[in-house]
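**Q** 3D model of this:
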Amino acid sequence: METRQFEIEAKCMRPMLLGLATRYTGNVDEAEDIVQETMLKLWFMRNRLEEYRSIEALASVIVKHLCFNSLRDRKEMEHNLSDLTVADETTIEQRMMEKEDEEEILHWVDTLPDLQQAVLRMKHIEGLEVEEIARITDSNAVAVRANLSRARRKIREQFIKSR
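**A** As a prediction, this is how the structure comes out:
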């Protein structure tokens, strides 16, 4: 899809996506962020968008997944904050160490080859199913699982080396 055509499509879809995201999240600012992230994902997929029957439907699914992930993260954060109020100092220290491990793992994810990185992020960060990832990456489920396995193995090796 040409850049100009993408801009036109994005401009037309944006209000609908913003309304959808706002209904899911109940927060206009958060909805705006989600729509922006959706547009970014569509931009990276722009060369393959013509393969889809409806770009609006694809965008809606992406918005829905991002909203669910955001709501889940918000709920988890609220739960973690309530845990911290009752936690003792050793638990807080342990959580800080886990956070450092998380940041280190995310750094290693950034060093993976593009396809492995994208597949791993779609599966574990965006919460997409293998079949959805296969459709988005224009591959099959077996290839997605193989890339996931390779990516996880590389991350695990890095993690073990660092310990």
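**Q** when you work out contacts or count neighbours from here on, use the C-alpha atoms and nothing else.
**A** Will do.
**Q** quick one, helices of this protein?
**A** Using DSSP state H, the helices found in the chain span residues 3-25, 28-44, 55-86, 89-110, 114-124, 130-137, 141-162.
**Q** with just CA atoms, put the fifth one into PDB.
**A** By that I understand helix 114-124. Taking C-alpha atoms only, helix 114-124 is exported to PDB below (Å, rounded to 0.1, in the frame of the first residue of the first chain):
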ATOM      1  CA  ASP A 114      13.700  -9.200  13.500                       C
ATOM      2  CA  LEU A 115      11.300 -12.100  12.800                       C
ATOM      3  CA  GLN A 116      12.100 -13.800  16.100                       C
ATOM      4  CA  GLN A 117      11.800 -10.600  18.000                       C
ATOM      5  CA  ALA A 118       8.400  -9.700  16.300                       C
ATOM      6  CA  VAL A 119       7.000 -13.200  16.900                       C
ATOM      7  CA  LEU A 120       8.100 -13.300  20.600                       C
ATOM      8  CA  ARG A 121       6.600  -9.800  21.200                       C
ATOM      9  CA  MET A 122       3.400 -10.700  19.500                       C
ATOM     10  CA  LYS A 123       3.000 -13.900  21.500                       C
ATOM     11  CA  HIS A 124       4.200 -12.800  25.000                       C
END
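**Q** contacts for it next, please.
**A** Residues outside helix 114-124 that contact it (Cα atoms under 8 Å, 6 or more residues apart in numbering): 109-111, 128-130, 133, 144, 147-148, 150-152.
**Q** report the two of those residues separated the most.
**A** Maximum pairwise distance in the contacts of helix 114-124, criterion Cα to Cα, is 23.0 Å, between 111 and 129.
**Q** how about low-confidence regions in the protein?
**A** Residues of the chain meeting the criterion pLDDT under 70: 1, 78-90.
**Q** how far away is residue 100 from residue 125?
**A** From residue 100 over to residue 125 the distance is 17 Å, taken as Cα to Cα, to the nearest Å.
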